[in-house]
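Chemist: Build the 3D model from these lines:
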Amino acid sequence: MSTCCIDTKSALPGSLPKEPTNILSGLLTRLVTWWQSMRQHRNNKKNLKPLLSLDERMLKDIGVTRGDVTWARGLPKSVDASVELEIVARRRKR
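Modeler: A predicted model of the protein is given here:
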């Protein structure tokens, strides 16, 4: 019988080192967190659209302009548009 270069005993699930599992688990956790973050950013950006239907007086009460809302909606997906718009509003109210 010929011997193979793979040790079948080390290939058993109980004998595998735990490090790769931890690495994969950590990677999967980061991937899921990133995906949830991107979904939240997309939803926040989508939720800014109704602000465009408000009149200038109401937007001023909120602390933003129509241009601010348009700018925030055009930000990249990696940026949370609602957070950036809130920063603009806070700066303007100072």
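Chemist: Next, the most centrally placed residue in the chain: secondary structure please.
Modeler: Nearest to the mean C-alpha position of the chain, by CA atoms, centre = their mean, lies Ser37 at 2.2 Å. Three-state assignment for Ser37 (DSSP: H, G, I helix; E, B strand; the rest coil): helix.
Chemist: all strands of this structure, in order?
Modeler: Using DSSP state E, no strands are found in the chain.
Chemist: got the buried residues for the helix or strand of it with the lowest mean pLDDT?
Modeler: Using mean pLDDT, DSSP states H and E, helix 19-46 stands out as the lowest-scoring helix or strand of the chain, at a mean of 86. If you call a residue buried by 16 or more other CB atoms under 10 Å, then helix 19-46 has these buried ones: His41, Asn44, Lys45. In this view, the C-beta of every residue, glycine as well, is placed from N, C-alpha and C.
Chemist: same deal with stretch 84-94?
Modeler: So, applying 16+ other CB under 10 Å, buried residues of stretch 84-94: Glu84, Leu85, Val88.
Chemist: could I get the residues you listed as a markdown table with pLDDT and distance to Gly63?
Modeler: Below are the buried residues of stretch 84-94 laid out as a markdown table (pLDDT from 0 to 100; distance: CB to CB, whole Å):
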| residue | pLDDT | distance to Gly63 |
| --- | --- | --- |
| Glu84 | 93 | 13 |
| Leu85 | 93 | 9 |
| Val88 | 93 | 8 |
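Chemist: quick one: the nearest residue to Asn44 once chain neighbours are set aside and Arg39, what's the gap?
Modeler: Take Asn44 and drop its neighbours on the chain: the residue closest to it by CB to CB, 6 or more residues apart in numbering is Ser82, 3.8 Å away. Distance of Ser82 to Arg39, computed by CB to CB, to the nearest Å: 13 Å.
Chemist: Identify the contacts common to these two.
Modeler: Counting by CB atoms under 8 Å, 6 or more residues apart in numbering, Ser82 and Arg39 have no common neighbour.
Chemist: just to revisit the earlier point, the least confident helix or strand of the chain packs against which elements?
Modeler: Contacts defined by 3 or more CB pairs under 8 Å, 6 or more residues apart in numbering; DSSP states H and E place helix 19-46 against helix 81-93.
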